[in-house]
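[1] Below are the sequence and a predicted model; questions follow.
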Amino acid sequence: MTEVNFEIASPVFMIFELKRLAAYPNVNLHQTILSLALTQLIDTSVAMLDLTLI
């Protein structure tokens, strides 16, 4: 079984329901992440899902 780590980054306030996911050991929340840190997170990820609304 392959473990998946979830890195959830948001430049805005995270709602309570999203913050509840932090209870899982394979979930890391990055609220108000800096641009450089976000770029590094993207570069080291195997897959990415961007939910940015334009």
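    Here it is on my side, so go on.

[2] Could you give the number of residues near F13?
    By other CB atoms under 10 Å, the residues close to F13 number 9. Glycine gets a C-beta too; all of them are placed from N, C-alpha and C.

[3] Helix, strand or coil: sort out it for me.
    coil (DSSP: H, G, I helix; E, B strand; the rest coil).

[4] for this protein, which residue is closest to the average position?
    Geometric centre of the chain, nearest residue: I8, 1.2 Å, by CA atoms, centre = their mean.

[5] Hmm, that one is touching R20, no?
    No. Between I8 and R20 there is no contact under CB atoms under 8 Å: 11.6 Å.

[6] sorry, back to before: what about the residue nearest to the centre of the chain, is that helix, strand or coil?
    strand.

[7] dump the residue contacts of it.
    Taking CB atoms under 8 Å, 6 or more residues apart in numbering, we find I8 in contact with M14, L18, L21, V27, N28, L29, H30.

[8] can I assume the fourth one is in contact with R20?
    No. Under the criterion of CB under 8 Å, V27 makes no contact with R20, lying 9.5 Å away.
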